[in-house]
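Engineer: take this sequence and fold it.
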Amino acid sequence: MFEAAELDNRMTREDYDKKLPEVRTLLFNMQQKLKDARIPVLILVDGVPGAGRGEIVNLLNEWMDSRNIRNRTFWLSTDDERQRPEYWRYWRILPGKGEIGIFFGGWYGRPAEKSLCGKLKSANFDRAMNEARSFERLLTDDGILIIKLWLHLDAKSHANAMKKRGESGADPLGFRNKKVHKASYSDIIKVYSRAIRLTDTANAHWYLINCGDRKARNIAVIETLINSMKSTLERKSIQKQPDEPVSPVTSSQTKYILDSVDLSKTISSENYGNDLKRYQALLGELTIKAFKKEISTVILFEGWDAAGKGGAIRRLTASIDARIRQTIQIAAPTDEEKDHHYLWRFWRHLPGAGFVTLYDRSWYGRVLVERVEGFASAAEWSRAYEEINAFERQLIEKNIVLVKFFLHISPDEQLRRFKEREEHEWKNYKITEEDWRNREKQDEYSAAVNDMFIRTSTDIAPWNIIPAEDKHFARVEALRLACRNIAKRIGK
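Structural biologist: Reported below is the predicted structural model:
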């Protein structure tokens, strides 16, 4: 794999001094074009120790406008990062549209280090690489340009570099992993050749750079970036509208899942009062126990307009200590959120160990309102089911309790509640023109909801459909199910 990156490519000082200003200017101009085109760029820099990874990162900031560059290193893990899924640390710092992110090692660093230290079995390493492939595909599908640089040295050059490094003792920041630093060249090549083979894809190529000669290395890096950026701009200029996705699961002949929900379920006033107090007390106890065990909880609410999501959420939050919970109300995305993948804003709010986050609306907006209203293209919302399932799997694997509620009411009951909100001054704020417009698209939303259930109600993250014709019943049922899910996870 690395033979081509070991061929002699030395460059004279004269040739280097002549070529460098030209390619630097091209690179700088290309950066400005990408910024104007609002294309985010992610550059991963990795390679053989001693090949000049740190030097290249510094030079990239010198060659381009550093005001538009965000440099990220992942030598140290913070408590916040350890409390959340692995990819949380990468999601939260992704470059926005028109920005450039330079990641030192990126998501390859940790599995490679664990493998070199004997802490990661081959099967788990392959699994980590498949996770990296999926993540990169998700980003490139959303328009991010990913350029992965592998800075290479042959065995002899690596040995000389390590000897010089040992003699100088140079490690000013003290971040060097001693076990990895002492790993044999053959082990490093074995691990990374496997990583590159498993993750070199059409959407996120690895570029192997010969670093035996620094001058030739620098020119090769610049030209690689220029060519990748140029190709991306050319593709965007001729890009056609994406093909429509495969026909949705739900058709005119499909029986809807919601049709089988018993909306006649009610609860008496007496039982409501008793059950409400009982389950609120229990939820308070369970969330405290989960906090002590560092088990986080994510509860999301979807459902029809006026189905009672807000009332149910208030009954849950009243049960949970305010110091360990937060409620995130999802509305139209901000400009900053629009500059990132739609999942970005949800990754940012994931709770730390033991904390609780409730989402009033959620990432399912991509396959519901964004699908029906045309805010997402057919290609975007049709691939979102897979992206959402992968996201939720990462939450479950981190031992996070995930509870998904959909509050269901009939069209007649929704109409009654809409009119009630219009008639009572203290409820006017709850009804908008958008609510009435959404109601006119009831059939389209029903099909979207049915597709959502079919494609995202998984064995590890099932949907809980709550009959909400009786608001009191819905509130108690949400409390009961939240308690049951948390209790199951903490073993009570």
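
Engineer: quick one: low-confidence ranges for the stretch 301-450 of the chain?
Structural biologist: Applying pLDDT under 70 to the stretch 301-450 of the chain flags residues 425-431.

Engineer: all strands for it, in order.
Structural biologist: 325-329, 356-360, 401-408 (DSSP state E, counting those that start in this stretch).

Engineer: any chance of a markdown table for the ones you listed, columns distance to residue 136?
Structural biologist: Every residue, glycine included, has its C-beta placed from N, CA and C. Listed next are those as a markdown table, based on distance: least, Cβ to Cβ, whole Å:
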| stretch | distance to residue 136 |
| --- | --- |
| strand 325-329 | 27 |
| strand 356-360 | 26 |
| strand 401-408 | 24 |
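
Engineer: which of those strands sits closest to residue 117?
Structural biologist: Closest to residue 117 of the strands of the stretch 301-450 of the chain, according to Cβ to Cβ: strand 401-408, at 31.7 Å.

Engineer: gap between that closest one and the chain center?
Structural biologist: How far strand 401-408 lies from its chain's middle: 20 Å, per Cα atoms, centre = their mean, to the nearest Å.

Engineer: what does that strand contact?
Structural biologist: Among residues not part of strand 401-408, those counted as contacts by Cβ atoms under 8 Å, 6 or more residues apart in numbering are 258, 261, 263, 290, 295-304, 307-309, 312, 392, 395-396, 449, 453, 461-468, 474, 478, 481-482, 485-486, 489.

Engineer: now those residues: which count as buried?
Structural biologist: Among the contacts of strand 401-408, those classed as buried by 16 or more other Cβ atoms under 10 Å are 258, 261, 263, 290, 295-304, 307-309, 312, 392, 395, 449, 453, 461, 463-468, 474, 478, 481-482, 485-486, 489.

Engineer: element containing residue 234?
Structural biologist: helix 214-238 (DSSP states H and E).

Engineer: quick check: buried residues in that helix?
Structural biologist: Using 16+ other Cβ under 10 Å as the test for burial, helix 214-238 gives 214-226, 228-229, 232-233.

Engineer: with stretch 37-50 instead?
Structural biologist: Buried residues in stretch 37-50, counted by 16+ other Cβ under 10 Å: 39-50.

Engineer: so what's the backbone phi/psi at the closest residue to residue 470 other than its chain neighbours?
Structural biologist: Closest residue to residue 470 apart from its sequence neighbours, by Cβ to Cβ, 6 or more residues apart in numbering: residue 266 at 4.2 Å. When read as degrees, to the nearest 10, the backbone of residue 266 gives phi -140, psi 170.

Engineer: residue 471 is in contact with residue 266, correct?
Structural biologist: No - counting by Cβ atoms under 8 Å, residue 266 does not reach residue 471; the two are 10.0 Å apart.

Engineer: show me which of these two is the more surrounded one.
Structural biologist: residue 471 (17 against 12; other Cβ atoms under 10 Å).

Engineer: what about the stretch 151-300 of the chain, any weak spots by pLDDT?
Structural biologist: 167-181, 239-254.

Engineer: what about the strands in the stretch 51-200 of the chain?
Structural biologist: Assigned by DSSP E, counting those that start in this stretch, the stretch 51-200 of the chain shows strands spanning 69-73, 100-104, 145-152.

Engineer: contacts for the first one, please.
Structural biologist: Read that as strand 69-73. By Cβ under 8 Å, 6+ apart, strand 69-73 touches 57, 60-61, 93, 95, 99-105, 175.

Engineer: each with direction, which strands does that strand pair with?
Structural biologist: strand 100-104 (parallel) (DSSP bridges).

Engineer: re earlier: got CSV for the strands of the stretch 301-450 of the chain, with mean neighbour count and distance to residue 5 too?
Structural biologist: Output for these, formatted as CSV (neighbours: other Cβ atoms under 10 Å; distance: least, Cβ to Cβ, whole Å):
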stretch, mean neighbour count, distance to residue 5
strand 325-329, 15, 46
strand 356-360, 21, 45
strand 401-408, 23, 44
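
Engineer: next, count neighbours for residue 4.
Structural biologist: As a burial measure, residue 4 scores 9 neighbours (other Cβ under 10 Å).
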